[in-house]
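Colleague: what follows is a protein structure lacking sequence information:
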């Protein structure tokens, strides 16, 4: 079992920055892949970024160059630094953990999910 708790969401103006954090517990953190997804009202949950096992990082095209995922295995925490935020980034952001192989952008690969944190970008 892995428990995930997100924090760091809030209201920010377009062009601003936020850093989301996700604290994990319950399993050896360094052995799992950690991802961020988001879900806007009326839309499906979509992939944002992942720190995959083996050290690779992947990003959705819509956030590439603006968002950075990082992890601190000593603190069992994964971060999502979000810069140059746009109104279309407004969503609930979810942290997720995966202990298996598969398509990193697919929600079904991730076994554990946090409760989500709201990010609102005003234009």
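Modeller: Sure thing, it's come through. Since the structure is predicted, the reported quantities are computational estimates derived from the model, not experimental observations.

Colleague: tell me which residue is most central in this structure.
Modeller: Taking CA atoms, centre = their mean, the centroid of the chain lies closest to residue 36, which sits 2.0 Å from it.

Colleague: OK, contacts around that one?
Modeller: By CB atoms under 8 Å, 6 or more residues apart in numbering, residue 36 lies in contact with 20, 22, 48-50, 69, 78, 80, 93-96. No exception for glycine: its C-beta is placed from N, CA and C like everyone else's.

Colleague: closest to residue 57 among these?
Modeller: residue 69 (5.5 Å; CB to CB).

Colleague: surely the closest one meets residue 56?
Modeller: No: using CB atoms under 8 Å, residue 69 is not in contact with residue 56, being 10.6 Å away.

Colleague: of these two, give the one with the bigger neighbour count.
Modeller: Neighbour totals were compared for residue 69 and residue 56, and residue 69 leads with 21 against 10 (other CB atoms under 10 Å).

Colleague: can you point out the buried residues in the helix or strand that contains the more buried one?
Modeller: Assigning secondary structure by DSSP states H and E places residue 69 in strand 67-72. Going by neighbour count (16 or more other CB atoms under 10 Å), the buried part of strand 67-72 is 67-69, 71.

Colleague: understood, closing this out.
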